[in-house]
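K.L.:
fold the following and give me the result.
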Amino acid sequence: MPGRWEVRVISKRRLREFWESRKHDAEAAQRVLITWHKLAKNADWANFAGLKQTFGSADQVGNCVVFDVGNNRFRLIGRVNYRRGIVYVLRVMDHAEYDKNLWVEDCGCYRPPPGRSAARPKPPRSPK
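P.N.:
Below is the predicted model of the structure:
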């Protein structure tokens, strides 16, 4: 890929909502999620192997990527569109919630990625 580009992370709001919901470790959650966000934003991934160079503990689960954030303290579930340079943050959770495995179905990890919306019909051409 010629030149660097910035990965779009959609959305940082989900990260913020997670750390704001933490009672005992909000500061730690904020610190590690902001670090994750900076690393992801400045990444240049062509595929999962490239992502693994940045996040060595990441795992592919169906169409989702599971990021280990904060030394196994938190999990971030995302969907990565390598071609468009977008990471969709689907869910952030602590390790106990992650271990329940409810997120796999909730995040749709084994369903195909959402398709493109149907093309808008072209307006009729005006006579000349």
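K.L.:
for this structure, which segments count as strands?
P.N.:
Along the chain, the segments classed as strands by DSSP state E run 8-10, 59-61, 64-69, 74-81, 86-94.
K.L.:
what pairs with the third one, parallel or antiparallel?
P.N.:
Strand partners for strand 64-69, identified by DSSP bridges, are recorded as strand 59-61 (antiparallel), strand 74-81 (antiparallel).
K.L.:
kindly reformat those as a markdown table containing distance to Tyr88 and mean pLDDT.
P.N.:
(C-beta placed from N, C-alpha, C; glycine too.) As requested, those are exported to a markdown table (distance: least, Cβ to Cβ, whole Å; pLDDT from 0 to 100):
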| stretch | distance to Tyr88 | mean pLDDT |
| --- | --- | --- |
| strand 59-61 | 14 | 97 |
| strand 74-81 | 4 | 96 |
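K.L.:
contacts only, for Asn72.
P.N.:
Under the criterion of Cβ atoms under 8 Å, 6 or more residues apart in numbering, the contact list for Asn72 reads His95.
K.L.:
equivalent analysis for Arg79, please.
P.N.:
The neighbourhood of Arg79, defined by Cβ under 8 Å, 6+ apart, consists of 63-65, 87-88, 90, 107, 113.
K.L.:
can you tell me how far it is from Ala26?
P.N.:
Distance check for Arg79 against Ala26: by Cβ to Cβ, to the nearest Å, it reads 26 Å.
K.L.:
that older thread, neighbour-wise, which of the contacts of Arg79 leads?
P.N.:
Of all the contacts of Arg79, the most densely surrounded is Val87 (25 neighbours; neighbours counted as other Cβ atoms under 10 Å).
K.L.:
what's across from that one in the sheet?
P.N.:
Listed beta-bridge partners, Val87: Val9, Val80 (assigned using DSSP bridges).
K.L.:
flag the shaky bits of the chain, pLDDT-wise.
P.N.:
Applying pLDDT under 70 to the chain picks out residues 1-5, 115-128.
K.L.:
what's the single longest helix in the chain?
P.N.:
Secondary structure assigned by DSSP state H gives helix 26-41 as the longest helix of the chain.
K.L.:
which residues touch that helix?
P.N.:
Contacts made with helix 26-41 from outside it, assessed by Cβ under 8 Å, 6+ apart, are listed as 6-7, 9, 12, 15, 18-20, 22, 54-55, 67, 69-70, 73-74, 76, 87, 92.
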